[in-house]
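Visitor: Turn this into a model:
(one chain, ligands or ions: 1)
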Amino acid sequence: MSLIEKAFAARTHEVEWSGIRIMFAMADEIPDVVNLGIGQPDFDTPEFIRQAAKEALDEGFTRYPPAKGFYDLRQAIAEKLKRENRLSLDPDTEIFVSVGAMQGIFNTCLHMLESGDEVIVIDPGYDYYSQIRLFGGLPVRVPVYEENRFKVDPDDIRKAVTAKTKLMIINTPSNPTGAMFDAESLEGIARIAQKENIYVLSDEPYEHIVFDGREHVSIGAMEGMKDLTISAYTLSKSYAMTGWRVGYVAAPKPLIDEMEKLMEHMVSGVTAMAQRAALAAIRADQQCVRDMVAEYEKRRRIVYDGLNAIENVSCIMPESTFYAFPNIKKTGLGSWDLAKKLVKEQQVAVVPGSIFGNMGEGFLRVSFAADEAKLREGILRIKKGVESLKS
Ligand SMILES: Cc1ncc(COP(=O)(O)O)c(C=O)c1O
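Guide: Numbering: from 1, shown residues only. Got it, this is the predicted structure:
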């Protein structure tokens, strides 16, 4: 251990490299790899949004922004939240412009968690473990099952609640399963939150990427939930803006105040030019979002048909997001072993399901944020890899 490592604060060790990063480091070494592991849109940011950023530079948006975001952006966000999410929030006091949804999640854990607080998370689900553990929290996993299309059963959440439960993190539409939690189960969760006085961090990055005319429901809009919900949103996925790093948080005023105060001490605000681009995106007619979602919907069919045509692989139809979550249990290999084999022998990268929790073992995450040619080639390679196991 080097001198500086010996001097690290103990909490540093609670943060782990993400499993996805480890997988991609492996994929990067392989020539001509088809990467179906990526969790970001393959589209370019729409032209009018890029244009808004260029104009912002010429208009002088080159100085420190307000720590919680430009007021006109917060106003546009409040209107969007009311129109689309049925959340009524004061743009002055209840909205914070963040560095992606990720900062909203990180800050919520930082402000809310104390050593020993339990945090309910869904398994398989997005990896919130480092943020929780960094602040002394203990993740408590609630399983979701393929038989139930990976939808959470509020009774399973109820069973996981103890006197130490402080927060639950709900992510619908869900990464990596593509599941959506319907109004009925969210109401069940809301009742538990109110009865037990537990806060809900509702992480909603895929709110627009939903299929078959489904409607995304925000738990914060349910009766009695406004004071108990912290909702995290982002422009990353809906507008193909992962690199711009703009998201926002809707939460009760005291928490927004804390986020603003800390932002002053941390990074002073989200890049001014990126905020102006976000404003153009949110104020637009949203045709660009509909176009990208229509494209994902077409690709979803290719992936679903392709994966289900592979012997020993089965896949339920994702209801949302750009991820399929095929079951590979019949191949006889664990998810890391199969993913490693696929990348090394067939040059196709996917994400092992176990990265998303114990219940993700026996599954892979296949992203369809890739064009049709890549998807067809990637699935062909998965097929070859799985078939080679028989010989
Ligand atoms: C479930 C979930 N939450 C949060 C994030 C972070 O998104 P952002 O780019 O807005 O920080 C992601 C990104 O993949 C995600 O899938």
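Visitor: Tell me, how many residues neighbour the residue of the stretch 1-150 of the chain found nearest the ligand?
Guide: Residue of the stretch 1-150 of the chain nearest the ligand, by CB to the nearest ligand atom: Gly100 (2.4 Å). (Each C-beta comes from the backbone N, C-alpha and C, glycine too.) Other residues near Gly100 number 23, with proximity taken as other CB atoms under 10 Å.
Visitor: which residue sits closest to it, ignoring its sequence neighbours?
Guide: Gly247 (4.3 Å; CB to CB, 6 or more residues apart in numbering).
Visitor: what do you get for Phe325?
Guide: Phe325 sits nearest to Thr177 (CB to CB, 6+ apart), 4.8 Å away.
Visitor: Could you measure from the one you found over to Gly19?
Guide: Distance, Thr177 to Gly19, by CB to CB, to the nearest Å: 16 Å.
Visitor: Comparing those two, which shows the higher neighbour count?
Guide: Taking neighbours as other CB under 10 Å, Thr177 and Gly19 compare with Thr177 leading, 32 against 16.
Visitor: so who does Trp17 touch?
Guide: Residues near Trp17 by CB atoms under 8 Å, 6 or more residues apart in numbering: none.
Visitor: that older thread, hmm, Ser238 and the residue nearest to Gly100 touching each other?
Guide: No - in this structure Gly247 lies outside contact range of Ser238 using CB atoms under 8 Å: 10.6 Å.
Visitor: So between those two, which is more surrounded?
Guide: Between Gly247 and Ser238, counted using other CB under 10 Å, the more crowded position is Gly247 (25 against 21).
Visitor: Return the set of residues that bridge with the more buried one.
Guide: Per DSSP bridges, the residues bridged to Gly247 are Ser98, Thr234.
Visitor: Quick check: it vs Glu196, distance?
Guide: 28 Å.
Visitor: Quick one: the helices in this protein, in order.
Guide: Taking DSSP state H as the criterion, the chain carries its helices at 3-6, 19-28, 47-58, 71-85, 100-112, 129-134, 154-160, 183-196, 253-266, 272-283, 287-308, 335-346, 372-387.
Visitor: packing partners for the third one?
Guide: Spelled out, that is helix 47-58. On a contact count with 3 or more CB pairs under 8 Å, 6 or more residues apart in numbering; DSSP states H and E, helix 47-58 meets helix 272-283.
Visitor: same question, the first one
Guide: Contacts defined by 3+ CB pairs under 8 Å, 6+ apart place helix 3-6 against no helix or strand at all.
Visitor: any residues touching that helix, and which ones?
Guide: So helix 3-6 is in contact with no residue, going by CB under 8 Å, 6+ apart.
Visitor: Next: stretch 141-148.
Guide: Residues from elsewhere that reach stretch 141-148, judged by CB under 8 Å, 6+ apart: 120-125, 150-153, 156-157, 160, 177, 179, 316, 327, 357-359, 363.
Visitor: let's see 6 Å
Guide: Applying CB atoms under 6 Å, 6 or more residues apart in numbering, the contact partners of stretch 141-148 are 120-123, 150, 152, 156-157, 160, 357, 359.
Visitor: what's the answer for stretch 113-131, then?
Guide: Under CB under 6 Å, 6+ apart, the answer for stretch 113-131 is 15-16, 105-106, 109, 132, 135-144, 152, 160, 164-169, 171, 175, 356-357, 359-360.
Visitor: what about it, distance to the chain center?
Guide: A distance of 14 Å separates the centroid of the chain from that of stretch 113-131, by CA atoms, centre = their mean, to the nearest Å.
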